[in-house]
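Enquirer: got a predicted structure here, sequence first:
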Amino acid sequence: MSRWKASLIHLGISAMIALAVLTLMLLVWYPYPLFTAVGGQQVLMILLAVDVTLGPLITLAVFNTRKSRKELTLDLSTVALLQIAALIYGMSVILQARPAFVVFSINSFDLVTANMLNNEDLSKAKYPDYRSLPLTGPIYVYSEMPTDIPERNEVTFSAFSGKDLPQFPKYYQPFAEHMKEVAATAKYLTELKLFKPEHTARIDAAVHDLGRKEAELAYIPLRAKHQDMAVLVEKSSGEILTILEISPY
C-alpha cells in the first residue's frame with residue numbers, strides 16, 4: 001500500500017466520524033438556527049481541521065513501506081491515539097459550548113450555553129428537570145426576578161460580574177405554564193419590519209411558510225453570544241413557532 005492510499009483511507013474514516021459528529025450537533029445539541037446563534041461554525045471548523053485534515057496529513061508524512069511492520073504499526077498507532085485525543089477534546093468543547101437552556105425573562109429570551117452554568121447553581125433548581133444539563137437539546141424555560149429582597153440583590157449585584165438572571169437555574173420555571181405572560185411582551189411583526197426593512201421579504205416568507213396571518217404572529221428578541229435573533233410566537237398564546245436569523249436590535 002502506498003502512503004497516498006493509506007492517507008486516503010485515513011481521510012475516509014476521519015470524514016465518516018466527522019459526519020457522525022456533525023449529525024449529532026445539528027440534530028440534537030445545536031438545532032438550527034441555534035447553531036448559528038452560538039457560533040457553532042467556529043467550533044465545527046476547529047474539529048474538522050484537527051480530526052479530518054491533520055490526521056491524514058500526518059499519516060501521509062509517516063507512512064513508509066520501507067519501515068518494518070513493527071515501526072509502521074507504532075507510528076500509525078501513535079497517530080491514531082493523537083487523533084482520538086484531539087477528537088475527545090473537540091467533543092468536550094462542543095458539549096461545553098452547546099445551548100442548554102433558552103431562558104425567557106422580562107421581555108426577551110437568552111440563550112444559555114452549558115459552560116455558563118455550574119453544578120452548584122444547577123443543584124439549586126426548584127424543578128428536577130433543570131438540575132442537570134440536558135443532553136437531548138436545549139430546553140425552553142421561564143424565569144422572573146425573585147420577590148425576596150436578599151435574593152433580588154444577589155441577582156442584581158451578580159449582573160456586574162456578568163452573571164445575570166438567566167444564569168440562575170433556581171428561578172427556572174416550566175415555559176408551558178407561562179406562555180400567556182410571554183405573549184404579553186411580544187411585539188408585532190410590523191414593528192420588526194419598520195426596524196429592519198431590509199429583511200421584510202424574509203419575514204413575509206416566514207409568515208407564509210407558517211401558514212398564518214401576519215396579525216396572528218409576534219416576535220420576541222433572542223440574545224445569544226454570537227448572533228441575536230428573533231423568536232416568532234403566536235400572539236394569542238405565546239406558542240413558539242420558529243426562529244428568524246434576524247437581529248431585532
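Expert: Looks like it arrived, so ask away.
Enquirer: now do the SS call for the residue of the chain most remote from its centre.
Expert: The centre of the chain is farthest from one residue, R66, which by C-alpha atoms, centre = their mean lies 47.4 Å away. Using DSSP: H, G, I helix; E, B strand; the rest coil, the structure places R66 in coil.
Enquirer: what of the one 4 residues further on?
Expert: Using three-state DSSP as the criterion, the local structure at K70 reads helix.
Enquirer: how much space between it and L8?
Expert: Taking C-beta to C-beta, to the nearest Å as the measure, K70 falls 24 Å from L8. Every C-beta, even on glycine, is put in place using the N, C-alpha and C of the backbone.
Enquirer: okay, these two: which has more neighbours?
Expert: L8 (14 against 8; other C-beta atoms under 10 Å).
Enquirer: so that one lies in a helix, does it not?
Expert: Yes: looking at L8 with three-state DSSP, it is inside a helix.
Enquirer: just to revisit the earlier point, quick check on the residue farthest from the centre of the chain: phi, psi?
Expert: Dihedral angles of R66 (phi, psi; degrees, to the nearest 10) stand at phi -80, psi -20.
Enquirer: tell me how far it lies from R3.
Expert: Applying C-beta to C-beta to R66 and R3 gives a distance of 11 Å.
Enquirer: contact partners for L54?
Expert: Q83, A86 (C-beta atoms under 8 Å, 6 or more residues apart in numbering).
Enquirer: specify the local secondary structure of it.
Expert: Under three-state DSSP, the three-state class of L54 is helix.
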